[in-house]
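**Student:** Give the three-dimensional model of this entry:
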Amino acid sequence: MPVLNEQAYLEHAVRSVLVQDLDGPAEVILALGPSTDDTDAIARRLAEQDPRVRLIANPAADIPIGLNLAIRAARHATIVRVDAHSELEPGYTRRALATLARVRAANVGGVMRADGRTPFQRAVARAYNSPIGLGGGSYHSGGEEGPAESAYLGVMRRAVLDEVGLFDETIRRGEDWELNLRIRRAGYRVWFDPALAVTYWPRERWSRLARQFRSTGTWRGELVRRYGRRNSLRFFAPPALVVLVLLAIAVGALLVTGAIGGAAALAASVVFVPLAAYAVLVAGSALGTAAGPGLRERMWTLVVIPTMHLAWGSGFLLGAARGAREDVDTSRLDRNTPLP
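**Tutor:** Model (predicted):
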């Protein structure tokens with residue numbers, strides 16, 4: 001578990017691992033980045049209370065570096081990746097180990113079940129769980145059991161990780177997709193099991209959400225530069241939306257100033273049609289449910305979905321154009337915290 005500034009979530013995440021029902025021995029390895037809150041103190045207390053919790057330093061703070069440090073320190077044949085913003089469902093590990101054996105896979109993952117504690121966080125969770133929000137990946141919206149392109153978090157065979165070379169430490173976001181690509185290219189199976197579920201707690205503030213998605217999009221653009229058509233077509237939808245918005249702004253300016261008119265104005269106005277359809281889709285997703293979400297959560301959903309798409313899409317265009325250039329996801333850092 002790579003950890004950085006997770007004082008509000010770390011203890012719940014670790015305890016959800018410690019209570020997993022297993023027949024054999026297990027350990028929880030926390031790769032601790034340079035946190036500026038009480039995360040390290042919480043981690044030390046957890047390690048003092050339970051000898052299965054082991055602490056290692058991850059001064060670089062990067063997720064793939066922390067994961068590799070923890071994997072190299074691990075003493076067992078199976079690696080269960082856990083996010084400090086997540087909680088494993090009861091029986092998760094036992095079920096995953098059974099699935100690994102049953103289908104002879106190298107990596108098994110399940111559903112990211114996003115949840116929230118505030119209206120904003122619940123709105124983000126709704127977007128995560130909706131096809132219109134992150135769309136496409138079965139680990140977001142569920143689906144049939146079977147071979148998969150990637151796996152959320154993942155329960156992995158250590159021998160296969162050693163064979164393919166662990167996580168690529170030059171990739172700061174999307175490292176799981178790239179690892180699973182190498183696993184599949186080596187001839188092994190990556191498997192989706194919808195019976196596996198992990199609770200995920202999204203970012204708590206709009207600014208952090210936007211920063212997270214911009215960074216994720218930038219690194220997806222970098223992955224497109226590196227791997228081209230091996231990337232799914234769904235990754236190109238958010239940047240297409242950004243291009244449409246920019247075109248609409250330009251056309252709107254031309255119409256308002258009278259720079260174009262007549263048939264040319266009518267033809268140019270076609271750019272507004274897909275944007276109008278998108279707005280209706282977002283509004284329907286946010287407001288269409290008759291019962292359940294409160295008004296504040298619905299209003300936040302109207303903001304959250306476009307934020308996710310536009311931040312991700314703009315990051316993608318930058319990453320595809322010039323590469324990620326060591327882009328850092330600062331969504332879990334305080335603004336006054338110096339980068340390592």
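
**Student:** Every contact and neighbour count from this point should use C-alpha atoms.
**Tutor:** Will do.

**Student:** same for the longest strand belonging to the chain, what does it pack against?
**Tutor:** Taking DSSP state E as the criterion, the chain has its longest strand at strand 190-200. Strand 190-200 sits against strand 86-88, helix 92-103, strand 107-114, helix 138-141, strand 146-147, helix 175-185, with contacts defined as 3 or more C-alpha pairs under 8 Å, 6 or more residues apart in numbering; DSSP states H and E.

**Student:** buried ones in it?
**Tutor:** Residues 190-194, 196-200 are the ones in strand 190-200 that count as buried (16 or more other C-alpha atoms under 10 Å).

**Student:** Tell me what angle the next helix or strand after that strand forms with helix 175-185.
**Tutor:** Using DSSP states H and E, the helix or strand that follows strand 190-200 towards the C-terminus is helix 206-227. Relative orientation of helix 206-227 versus helix 175-185 (axes from the mean of the first three to the mean of the last three C-alpha atoms, to 10 degrees): 30 degrees.

**Student:** Just after helix 206-227, pick out the following helix or strand.
**Tutor:** With elements assigned by DSSP H and E, the helix or strand that comes after helix 206-227 is helix 237-257.

**Student:** What is the distance between the following helix or strand past that following helix and the centre of its chain?
**Tutor:** Following helix 237-257 in sequence order, the next helix or strand is helix 262-268 (DSSP H and E). Centroid separation for helix 262-268 versus its chain: 41 Å, with C-alpha atoms, centre = their mean, to the nearest Å.

**Student:** Which one of the helices and strands packed on strand 190-200 lies nearest to residue 163?
**Tutor:** helix 175-185 (9.0 Å; C-alpha to C-alpha).

**Student:** Just the angle for the closest one relative to strand 190-200, thanks.
**Tutor:** 160 degrees.

**Student:** deepest of the helices and strands packed on strand 190-200, which one?
**Tutor:** Among those, strand 107-114 has the highest mean neighbour count (mean count of other C-alpha atoms under 10 Å), at a mean of 26.

**Student:** Report all helices and strands that it contacts.
**Tutor:** Checking 3+ C-alpha pairs under 8 Å, 6+ apart, strand 107-114 ends up next to helix 92-103, helix 119-129, helix 138-141, strand 155-157, strand 190-200.

**Student:** Many thanks, have a good one.
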